[in-house]
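**Q** Predicted model and sequence follow; I will ask about them next.
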Amino acid sequence: MFLNSNGPARDVDQHIDRPASFLIQHTKSTVLVYADIVSAILAVLVSVTLSNAIRPLLGARPIAIESVEFTFHISIIFVFTVALFAWFTSKGHYRRREALINRLGQILGGCGMALICAAATQFATVEVGSRLLTLSYWLLLVPLIIIGRLIAGHILRSANIWTNNAVLFTAPNRADQVSKLIEKHDELGIVLTKKFFCSGNAATNLLNAMRAATSSGSVIIYAPAPEDQEQHEVLESLVAEGLPFMFSAQSSPLPNQAEVHNYPLEDISVLEVPDVLARPLALATKRLFDIAVSFTMLLVLSPVFIIISSLIKLDGGPAMFRQERLGRNGEVFKCLKFRSMIMNAEERLSQMIASDPKVAAEWNAYQKLQKDPRITRIGKIIRKANLDELPQLINILRGDMSLVGPRPMTIPQIEEYGPSIAAYKRMRPGITGIWQTNGRNSTTFAERARMDAWYVRNWSLWRDFIILVRTFREVLFARGG
């Protein structure tokens, strides 16, 4: 072993104050559990009130709290709520911290399954009117759990309990990358206190990292470089010492849905990588959703289309701008936008690139200009309000695009896209996507290509929903591009 069990690493245990760390973790879990319990109690109170208010309108009498019927309902709710919370526990809701938006799918799915099970239990035994109590309870529980966890997180952060100190043991060339990642995802509550490098005298550095972590109740983050030869020994040492740690492997093109198959006695793990796009039903659902939403929005927003078109025409020229973009399977289509630039925008860009090296460098890096003089007065407004791409709803209805997908690329950008072009061609480009909701104004074209490829590799209907929610937030606060 890198640090064998008989070596100096074993001395670390003599200085570990494990109860304090356990107490902090126990406090976090307890607060989160209590938050869900309070949410369940509130859901019961509100659903009872709501059900008793509606039942007379349906010709049924209110449910008396002392009645057998009420006890029956509450018993069913109690049993399936306990089962739901047990399922949350198995999924690490009270132990592992993650962005709440990433937990929404499990919260919705868990409450949905509990509702189905509870309804099935009652179906043959209770008249229709009394089922209002159960239905309203499970529908109310979802938003109340979300609100409760947000409040619990705020309480934990205010009490400085949410924070986890961490010691980073990494390769020098990965230190900045991992540090920036931790800073970006502040919902994890990780604060780096010290850094040690797995280079030079790696054994001594690892021992020092262990001591620094155990003395302060910190977790160790191990982020080696791909070429490090001692990865297995370091991991074995950390496991043998019983220290909590996180292992950050080098970035990989493998999808998040890859399944791990372990062969314990051989110390071998095999990743099975599925094709996330080989799901006809999910893809059909995505297409039907695209058609329904785009058609509805075109009807509802038709007055907005008329107003914007009229304002653009006041400056002279057509209201619509059509440009060839690359679609699914490499097919070229005419992408529609409200015209936000002067008529000879392409010629003007060529002149600017040829005459100004700074403009050329910015365009080559981002494929856009932060302060673009070609944008018209109306164009600035509709871009700021994220309205310039509304005509792409027509492209969605035609089948050229989707609501969510890779950013539609122009034909000249194909050469700049790199190896990710194969992933891009597998899906319809989207009116919004992961690039638009992750720092669109400061993202290079290479990063955009990487994000698009990541989206295709890890596509799911739930991920599309999350992107749409984040897009709504971007539009609401007018964080335009």
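**A** Looks like it came in fine.
**Q** Which of the three states applies to R61?
**A** coil (DSSP: H, G, I helix; E, B strand; the rest coil).
**Q** any idea of the pLDDT on the closest residue to it other than its chain neighbours?
**A** Spatial nearest neighbour of R61, chain neighbours left out: R55 (6.7 Å); criterion: C-beta to C-beta, 6 or more residues apart in numbering. Backbone N, C-alpha and C define where each C-beta goes, glycine included. If you check R55, the pLDDT there is 74.
**Q** Repeat that for G59.
**A** Confidence score, pLDDT, at G59: 70.
**Q** Just give me the neighbour total for it.
**A** A count of nearby residues for G59, using other C-beta atoms under 10 Å, gives 7.
**Q** Same check on the one 4 residues further on?
**A** Residues lying near I63 (other C-beta under 10 Å) number 20.
**Q** Repeat that for P280.
**A** 8.
**Q** got it, and F289?
**A** F289 - counted by other C-beta under 10 Å - has 17 other residues nearby.
**Q** got it, and the one 10 residues further on?
**A** The number of residues packed near L299 is 8, by other C-beta under 10 Å.
**Q** Could you check which helix or strand contains it?
**A** Per DSSP states H and E, L299 falls inside helix 280-300.
**Q** Do I have it right that the residue nearest to R61 meets T49?
**A** No: applying C-beta atoms under 8 Å, one finds R55 not in contact with T49, separated by 11.2 Å.
**Q** Compare the two and say which is more crowded by neighbours.
**A** Set R55 next to T49 and count neighbours by other C-beta under 10 Å: R55 wins out with 17 against 12.
**Q** pretty sure the more buried one is in a helix, no?
**A** Yes: looking at R55 with three-state DSSP, it is inside a helix.
**Q** contacting residues around the closest residue to P318 other than its chain neighbours?
**A** In this structure, P318 finds its nearest non-sequential neighbour in R339, 6.2 Å apart by C-beta to C-beta, 6+ apart. Applying C-beta atoms under 8 Å, 6 or more residues apart in numbering to R339 gives the contacts 312, 317-321, 376, 379.
**Q** Tabulate these (CSV), appending pLDDT.
**A** CSV is the format used below for those (pLDDT from 0 to 100):
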residue, pLDDT
I312, 87
G317, 80
P318, 86
A319, 86
M320, 88
F321, 86
T376, 81
G379, 81
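**Q** just checking, which of these belong to strands?
**A** 320-321 (DSSP state E).
**Q** Show me how to select, in PyMOL, the buried members of the contacts of R339.
**A** Selection of the buried residues among the contacts of R339 in PyMOL, burial being defined by 16 or more other C-beta atoms under 10 Å:
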select buried, resi 312+319+321+376+379
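**Q** that older thread, would you put the C-alpha positions of the helix holding L299 in PDB?
**A** Taking C-alpha atoms only, helix 280-300 is exported to PDB below (Å, rounded to 0.1, in the frame of the first residue of the first chain):
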ATOM      1  CA  PRO A 280     -38.300   6.100 -29.000                       C
ATOM      2  CA  LEU A 281     -41.100   6.800 -26.400                       C
ATOM      3  CA  ALA A 282     -39.100   9.500 -24.700                       C
ATOM      4  CA  LEU A 283     -38.200  11.100 -28.000                       C
ATOM      5  CA  ALA A 284     -41.800  11.000 -29.200                       C
ATOM      6  CA  THR A 285     -42.900  12.600 -25.900                       C
ATOM      7  CA  LYS A 286     -40.300  15.400 -26.500                       C
ATOM      8  CA  ARG A 287     -41.600  16.000 -30.000                       C
ATOM      9  CA  LEU A 288     -45.200  16.100 -29.000                       C
ATOM     10  CA  PHE A 289     -44.300  18.500 -26.200                       C
ATOM     11  CA  ASP A 290     -42.500  20.700 -28.700                       C
ATOM     12  CA  ILE A 291     -45.500  20.800 -31.000                       C
ATOM     13  CA  ALA A 292     -48.000  21.500 -28.300                       C
ATOM     14  CA  VAL A 293     -46.000  24.300 -26.700                       C
ATOM     15  CA  SER A 294     -44.800  26.000 -29.900                       C
ATOM     16  CA  PHE A 295     -48.300  26.000 -31.400                       C
ATOM     17  CA  THR A 296     -49.800  27.400 -28.100                       C
ATOM     18  CA  MET A 297     -47.100  30.100 -27.800                       C
ATOM     19  CA  LEU A 298     -47.500  31.200 -31.400                       C
ATOM     20  CA  LEU A 299     -51.300  31.700 -30.800                       C
ATOM     21  CA  VAL A 300     -50.800  33.500 -27.500                       C
END
